[in-house]
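Undergrad: All I have is the shape, not the residue letters:
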């Protein structure tokens, strides 16, 4: 069982930066691929970024590539999402997710554990 707690959301202006963090419980954090997803009002939850456990391979959605960076600290059981040059279309609730696999995935259905989400609002 893995518990995930996100933090760092807030209200920012377009062009600003924000850093989200996700703290995970458990002793085998490096065995989990971690992902960030987001859900805007009235829309389905969509993939943002993912990072594998030990190697640290990353994949990004095209919409955030070059602006967002996912990273993890296996010693601290945390995964972060650095978001730069934020746009109004980045407004959403952001969720941290975990899957027990060394393989990254952009498919939300491949993830077993989810946090409660943190809201990001970008005003234009």
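TA: Good, I have the coordinates. Fair warning: this is a prediction, and the values are worked out from it, not measured in the lab.

Undergrad: In contact with residue 10: list those residues for me.
TA: The contact partners of residue 10, taken as CB atoms under 8 Å, 6 or more residues apart in numbering, are 18, 119-121. Yep, even glycine has a C-beta here, placed from its N, CA and C like the rest.

Undergrad: Please identify which pair of the residues you listed lies farthest apart.
TA: By the measure CB to CB, these have their two most distant members at 18 and 119, which lie 11.0 Å apart.

Undergrad: re the thing from before, from the contacts of residue 10, which would you call buried?
TA: Neighbour-count burial (16 or more other CB atoms under 10 Å) is assigned, among those, to 18, 120.

Undergrad: can I get the contacts of residue 10 in TSV with pLDDT and secondary structure?
TA: Formatted as TSV, these follow (pLDDT from 0 to 100; DSSP: H, G, I helix; E, B strand; the rest coil):
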residue	pLDDT	secondary structure
18	98	strand
119	98	strand
120	98	strand
121	98	strand
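
Undergrad: Now distance to residue 4 too, for the contacts of residue 10, in TSV please.
TA: Formatted as TSV, the contacts of residue 10 follow (distance: CB to CB, whole Å):
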residue	distance to residue 4
18	18
119	16
120	17
121	21
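
Undergrad: Stretch 52-71 - what's its average pLDDT?
TA: Averaging pLDDT along stretch 52-71 yields 97.

Undergrad: Residues touching that stretch, excluding its own?
TA: The contact list for stretch 52-71 (CB under 8 Å, 6+ apart) reads 29-34, 36, 46-51, 72, 74, 79-86, 89-90, 102-104, 106.

Undergrad: hmm, 7 Å instead?
TA: By CB atoms under 7 Å, 6 or more residues apart in numbering, the surrounding residues in contact with stretch 52-71 are 30-33, 36, 46-51, 72, 79-85, 102-104, 106.

Undergrad: Among those residues, name the ones in strands.
TA: If you go by DSSP state E, the contacts of stretch 52-71 have 33, 36, 46-51, 72, 79-83 in strands.

Undergrad: Same list, those residues, but as CSV with distance to residue 2 and neighbour count please.
TA: Listed next are those as CSV, based on distance: CB to CB, whole Å; neighbours: other CB atoms under 10 Å:
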residue, distance to residue 2, neighbour count
33, 12, 24
36, 15, 26
46, 22, 14
47, 19, 20
48, 19, 24
49, 18, 25
50, 15, 26
51, 15, 23
72, 14, 22
79, 12, 29
80, 17, 19
81, 18, 27
82, 22, 16
83, 23, 25
